Every structure is written in C-alpha cells, then in structure tokens.
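S.K.: Provided below are the primary sequence and the corresponding predicted coordinates.
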Amino acid sequence: MAASSLQGGLSKLKKKHFRVKHQKVKLFRANEPLLSVFMWGVNHTINELSHVTIPVMLLPDDFRAYSKLKVDNHLFNKENMPSHFKIKEYCPLVFRNLRERFGIDDLDYKESMTRSQPIAVESPGKSGAKFYQSYDKLFIIKTLTSEEVERMHSFLKQYHPYIVERHGKTLLPQYLGMYRLTVDGVEHYVVAMRNVFSNHLTTHKKFDLKGSTVDREASDKEKEKDLPTLKDNDFVQGGTKICIGDEAKEKLLETLNADVGFLTNLHLMDYSLLVGIHDCARAEAEELANENNGGGGGGVGRGGGGRQNECRKIACSSNWQKRGRIYCVNCVNVRSGPWRGKVGRAIWK
C-alpha cells in the first residue's frame with residue numbers, strides 16, 4: 001500500500017538520479033507526533049538508501065543533495081501518527097559514509113531509532129534546543145534552527161574530509177544524519193549524533209571542561225541535580241585527577257590536539273571537553289543492592305544481545321580503567337550549534 005509521493009527523488013543532483021522504490025506503510029507510535037514522523041522517516045530513508053549503490057567517492061553535489069518525501073494518508077490514526085507530513089533528509093550519501101566511518105551499521109542505526117520511541121532528556125545547555133535519546137541510549141537527537149542547518153551544510157564540507165583523514169578517530173561529535181520534519185505545517189530540524197556516554201555503564205560524575213576559570217563553576221541549583229554538570233573550578237577544587245596511564249594519555253592528547261587544530265583552522269571557538277566518570281566500586285555496590293531488591297538487568301539492541309556504545313574506542317578500553325574508574329571523553333557543543341563543538345584542556349596524569 002503506497003501512502004506517499006516523492007518530490008525530487010532520493011537526491012537533487014544535476015547529473016545523478018536515483019530510482020526510488022515504494023515501500024509498505026509501517027506505523028510508528030510515539031507520544032509526540034514529531035517523534036512518530038522522525039521514526040517513520042528514518043525507517044524509510046534507510047530502506048531507500050539500501051537500494052542506492054555506494055559511490056567510489058563523494059562528489060561536491062553530494063553535499064548539497066537531499067531526499068524529499070510528502071505523505072498523505074487518511075488511514076493513519078491521528079492519535080498515533082499525523083496523516084499529513086513531510087520528511088527531508090539532508091546529504092544522505094554523506095551521512096551514510098560518515099556512519100560507515102564511525103563503524104555504525106545502517107540497520108543498527110535504524111533499529112535504535114525506530115524500535116521504540118526516543119526519550120526526551122534534559123538539555124545540557126542554554127540554546128533552547130530539545131534533546132532526545134534513542135531507547136537503547138546509543139544515539140542522541142537534537143533539534144536545530146534553520147540557521148544552524150545552513151551552517152551545518154558549510155561545516156560538513158570540512159568535517160567529512162577530516163573524519164576521512166582521521167579514519168573516524170576523533171573526539172568531535174559524530175554526526176550521523178540531519179532531517180527536516182514538517183508536521184501540521186510547522187518545520188522542525190533535527191540532527192542525529194552518537195551518544196557521548198556509554199549506554200551500559202552508569203555515569204556517576206561528569207565535567208564540562210573549557211580550560212578557563214572565569215565563571216566556570218556549577219551553580220548551586222545545578223549541583224542539586226542527581227547528575228550535575230560540573231565545571232573547571234569544580235574539577236580543580238575537588239582535586240580531581242584523571243589517571244589513565246602513559247599509553248592512553250598519548251593517544252588522547254594526539255586526538256585532542258588534532259581536533260583542536262581542526263577547529264582552530266576553521267576559526268571556531270567556544271568549545272570544551274566533556275568527561276564522564278564511571279566509578280566501578282560504586283557500580284558494584286549499586287548492582288548488589290539492585291540484586292538484593294529483586295532487580296535484574298537485561299540487554300538492549302537487536303536480538304537482546306546488548307549492543308554497547310564504546311563512547312570513543314580508546315575511552316572505554318582496558319587502558320582507561322585505572323583506580324576503579326572508567327572514563328568517557330568527548331568534545332561537545334552546548335551553546336552555539338553542532339558545528340562549534342566545545343573542547344577544553346584538563347590535566348591528565
């Protein structure tokens with residue numbers, strides 16, 4: 001049953017035309033219409049991409065390409081999903097290539113985003129953007145403004161070659177897809193990213209480090225939260241040391257220096273380093289208490305196999321498990337949009 005009409009095909013390219021095959025209508029239920037449309041859109045676009053031959057190399061036109069879809073179906077139950085909506089995926093071949101370089105299988109990406117509705121999470125910054133987390137905690141969805149989408153297009157032209165050069169090894173945000181969702185005549189823009197933190201290890205403490213002491217202390221209100229975002233002065237005043245060993249330290253600093261150099265060349269500022277700490281002793285105590293209370297754990301992901309987010313591969317390797325702690329590290333953006341990451345310098349021992 002076809003419930004859609006394509007406008008423009010999979011990509012708007014001057015010399016490239018992809019034939020799009022119709023798929024059966026699949027209904028996705030979520031508490032928010034926007035999430036239902038997002039899930040439907042990811043399912044559809046990934047299915048369509050599976051029919052497109054992987055190019056030997058990306059062309060300049062691929063960074064301007066998009067797929068566009070309009071759906072009109074009165075058979076949809078409006079309580080579950082809007083009967084009229086539009087979906088636009090930006091630069092589908094570019095983002096598919098990025099997912100591949102980050103070691104993310106398209107089928108796993110689709111399942112994480114569509115098996116169950118994404119969950120709203122607290123916004124870490126002051127930008128006013130909304131954040132959602134995939135049900136298995138592997139991916140983050142962030143809302144954007146139309147201006148941010150325009151700048152993201154410009155940023156991709158430098159970001160993709162850098163990721164290729166680094167063979168996917170970076171502490172910068174890992175961008176996996178960007179979409180426009182039109183629901184009830186209102187346009188919404190979202191970007192999908194890999195989750196900074198592990199999906200199977202509890203984050204007991206986190207720091208947003210910017211390399212400055214000016215106004216870099218968490219507020220009293222922030223500290224009242226179950227998991228506050230602490231800052232540079234909290235890091236120093238608490239005598240925090242990150243002990244990871246010489247080999248891991250060398251890898252971290254090499255990656256961090258490369259990322260900072262990339263951002264410097266683009267004249268980008270206002271970035272910091274997000275550090276998550278998993279306390280092994282505390283986790284064991286919590287697990288024991290959970291077992292005593294009759295709780296149990298279970299895997300997530302395809303087949304219940306417990307697919308895990310490695311954060312950054314070096315970040316959760318055995319080399320990083322020192323003094324009973326595991327560290328997850330990532331360059332993150334909080335205030336200015338996805339192209340202006342936030343990186344900082346901590347003292348690594």
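M.R.: Okay, I see it. Numbering: from 1, shown residues only.

S.K.: can you list the domains in the protein?
M.R.: For the chain, the structural domains run 4-194, 205-332, going by automatic domain parsing.

S.K.: what's the most buried one of those domains?
M.R.: For those, the largest average neighbour count (mean count of other Cβ atoms under 10 Å) is found in domain 4-194, namely a mean of 17. (Each C-beta comes from the backbone N, C-alpha and C, glycine too.)

S.K.: Which one of the domains of the chain has the poorest average confidence?
M.R.: Least confidently modelled of those is domain 205-332, at a mean of 75 by mean pLDDT.

S.K.: Any idea how far that domain is from the middle of the chain?
M.R.: Centroid separation for domain 205-332 versus its chain: 16 Å, with Cα atoms, centre = their mean, to the nearest Å.

S.K.: Quick check: M178 is in a helix.
M.R.: No: using DSSP: H, G, I helix; E, B strand; the rest coil, the assignment for M178 is strand, not a helix.

S.K.: Can you pull the phi/psi pair for V275?
M.R.: Torsion angles at V275 (phi, psi; degrees, to the nearest 10) stand at phi -120, psi 120.

S.K.: now H51: how far from V191?
M.R.: Distance of H51 to V191, given as Cβ to Cβ, to the nearest Å: 24 Å.

S.K.: next one: R151
M.R.: From R151 across to V191, the span is 12 Å (Cβ to Cβ).

S.K.: do the same with A218
M.R.: Noted for A218: a distance of 26 Å to V191, by Cβ to Cβ.

S.K.: One more: K142?
M.R.: From K142 across to V191, the span is 5 Å (Cβ to Cβ).

S.K.: Same question for the closest residue to T229 other than its chain neighbours, what's its three-state structure.
M.R.: Among residues not flanking T229 along the chain, D208 sits closest, at 5.2 Å (Cβ to Cβ, 6 or more residues apart in numbering). When classified by three-state DSSP, D208 comes out as strand.

S.K.: And the strands in the stretch 51-200 of the chain, which stretches?
M.R.: Using DSSP state E, counting those that start in this stretch, the strands of the stretch 51-200 of the chain run over residues 66-72, 84-90, 119-121, 131-133, 139-144, 175-183, 186-194.

S.K.: what helices or strands is the fourth one leaning on?
M.R.: The one in question is strand 131-133. Applying 3 or more Cβ pairs under 8 Å, 6 or more residues apart in numbering; DSSP states H and E, one finds that strand 131-133 makes contact with strand 119-121, strand 139-144.

S.K.: And the contacts of that strand?
M.R.: Among residues not part of strand 131-133, those counted as contacts by Cβ atoms under 8 Å, 6 or more residues apart in numbering are 35, 118-124, 139-143, 195.

S.K.: and that strand, which strands flank it?
M.R.: Partners of strand 131-133 in the sheet, by DSSP bridges, are strand 119-121 (antiparallel), strand 139-144 (antiparallel).

S.K.: Need those strands in CSV (columns: distance to C243).
M.R.: Listed next are these as CSV, based on distance: least, Cβ to Cβ, whole Å:
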stretch, distance to C243
strand 119-121, 30
strand 139-144, 28
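
S.K.: Take the strands of the stretch 51-200 of the chain and write them to CSV, including distance to L230.
M.R.: Shown next, in CSV, are the strands of the stretch 51-200 of the chain (distance: least, Cβ to Cβ, whole Å):
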stretch, distance to L230
strand 66-72, 40
strand 84-90, 35
strand 119-121, 18
strand 131-133, 19
strand 139-144, 20
strand 175-183, 26
strand 186-194, 22
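
S.K.: so which of those gets nearest R99?
M.R.: strand 175-183 (5.3 Å; Cβ to Cβ).
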